[in-house]
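Student: Got a predicted model here, sequence first, then my questions.
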Amino acid sequence: MIHTYGCPMHLGVGDTGLIKSLDYLNNRFDQLQIHVIPEIQEKEENLPNLKNLNSVASTCQSIAAYAYQVLQNQETPLFIAGDHSAAMGSVSASSVYTQEMYGEETGLIWIDAHPDINTDSTTATGNIHGMPVAALLGKGEKRLTQFLTEQPKLKPRNVVMLGLRDIDPPEQVTLDTLGIRYYTYDDICRQGLTACLKESIAYLSHLTAVHISFDIDSMNPKWMPGVSVPVPHGFTPEEVHHIFDALIPALPVISYDIVEFNMVHDREDKTADFVMELASQIHKLHVPSVSSEKSKRFA
Ligand SMILES: NC(=[NH2+])NCCC[C@H](N)C(=O)O
Ligand SMILES: [Mn+2]
């Protein structure tokens, strides 16, 4: 069973349009029933390279604790809305749960225009929503790497990124140094989406659990304007449906994120309606994966 939850998190980027976006989805789509985790606002020291650190850290801790509980109830967490720093919470939960339950590593499919692999020493904006992957790999500010446990939550070899089109120069260095598997949107246009998905699935096939984190800005803002950091070009709605059609049955997906929906930048509810479509597609396709089969053995 999918359990839909979310957090109107905005302090990872500081765009206030995110604050009302979650309630907006809940009111527009009765059937979504997103359980809302409040964003926590702490007193801040205003660090220029780690904006709103205290609030982001507390909020991610609360997202991690909630998602971990959902996984323990044998349900599949689907996180909707909020800025992408929330993935530090949701992916930490997937990773810690998989480690404790099966003693195994977690894979991550990161579908995004950005690799979000900055740290406080490489960021040009100070926005923490540009840092979650680095933090999950155990890099950068300690307070962002230690949700639920002190250990790094991911290994570079278990990460695949799809759709990148806006990589900061230091991020490129990190991707290359760590040997992270990624496909830019241009790579995907050249090699074909089906071929890239097939390779990604094979690359992660050794894993027991995979988390899919989908940033709406991976899509072409012509179709999906409702995001905080739009980047020209990118996936069409058909391509995104194709990605989920291919990945869900082929990998042991244990949790999902759909992030960065920003109603203030949306036009004619195009992006809001797409979030609903994608959530329904996930509901339809998701089958309790290998991990829940395995968990029966542990019961
Ligand atoms: N989740 C996102 N939309 N991230 C955008 C990050 C943009 C830029 N690379 C930064 O570090 O600030
Ligand atoms: Mn992102």
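Tutor: Good, I have the coordinates. Ligands and ions are numbered 1, 2, ... in the order given.
Student: and the closest residue to ligand 2 within the stretch 101-250 of the chain, how many neighbours does it have?
Tutor: Evaluated by CB to the ion, the stretch 101-250 of the chain has residue 215 as its residue closest to ligand 2, separated by 3.6 Å. C-beta here means a position set from N, CA and C on the backbone, and glycine is covered the same way. The number of residues packed near residue 215 is 25, by other CB atoms under 10 Å.
Student: do residue 115 as well
Tutor: Residue 115 has 23 neighbours, counted by other CB under 10 Å.
Student: does the spatially closest residue to it that is not a sequence neighbour sit in a helix, a strand or a coil?
Tutor: Excluding its sequence neighbours, the residue lying closest to residue 115 (CB to CB, 6 or more residues apart in numbering) is residue 171, at 5.2 Å. Applying DSSP: H, G, I helix; E, B strand; the rest coil to residue 171 yields a three-state assignment of helix.
Student: could you list every residue that touches residue 157?
Tutor: Going by CB atoms under 8 Å, 6 or more residues apart in numbering, residue 157 touches residue 179.
Student: So what does the residue nearest to the spatial centre of the chain look like in phi/psi?
Tutor: For the chain, the residue nearest the mean C-alpha position is residue 213 (2.9 Å; CA atoms, centre = their mean). Note on residue 213: backbone dihedrals following degrees, to the nearest 10 are phi -110, psi 110.
Student: Roughly how far does the residue of the stretch 101-250 of the chain closest to ligand 2 sit from residue 130?
Tutor: In this structure, residue 215 and residue 130 are 11 Å apart, going by CB to CB, to the nearest Å.
Student: okay, and the common contacts of these two?
Tutor: With contacts defined as CB under 8 Å, 6+ apart, the residues adjacent to both residue 215 and residue 130 are 114, 116.
Student: residue ranges of the helices in the chain, please?
Tutor: Counting by DSSP state H, the chain forms helices over residues 21-28, 53-72, 87-102, 132-136, 169-178, 185-191, 193-203, 237-250, 270-285, 290-298, given from the N-terminal end onward.
Student: Which residues are in contact with the residue nearest to the centre of the chain?
Tutor: Taking CB under 8 Å, 6+ apart as the definition of contact, the neighbours of residue 213 are 84, 87, 90-91, 108-112, 256-257, 259.
Student: Next one: the residue of the stretch 51-200 of the chain found nearest ligand 2 from residue 59, what distance?
Tutor: Evaluated by CB to the ion, the stretch 51-200 of the chain has residue 84 as its residue closest to ligand 2, separated by 3.6 Å. Per CB to CB, residue 84 is found 13 Å from residue 59.
Student: per-residue pLDDT, the closest residue to residue 82 other than its chain neighbours?
Tutor: Take residue 82 and drop its neighbours on the chain: the residue closest to it by CB to CB, 6+ apart is residue 9, 3.5 Å away. In the prediction, the pLDDT value recorded for residue 9 is 97.
Student: Surely residue 9 is in contact with residue 87?
Tutor: No. Applying CB atoms under 8 Å, one finds residue 9 not in contact with residue 87, separated by 10.3 Å.
Student: pLDDT at the residue in the stretch 51-200 of the chain that ligand 1 sits nearest to, what is it?
Tutor: Closest approach of the stretch 51-200 of the chain to ligand 1 (CB to the nearest ligand atom) occurs at residue 130, with a separation of 2.2 Å. The predicted local confidence for residue 130 comes out at a pLDDT of 98.
Student: can you pull the contacts of the spatially closest residue to it that is not a sequence neighbour?
Tutor: With CB to CB, 6+ apart as the criterion, residue 130 has its nearest non-adjacent residue at 4.6 Å, and that residue is residue 118. Listed by CB under 8 Å, 6+ apart, the contact set of residue 118 reads 124, 130-131, 134, 140, 168, 170-171.
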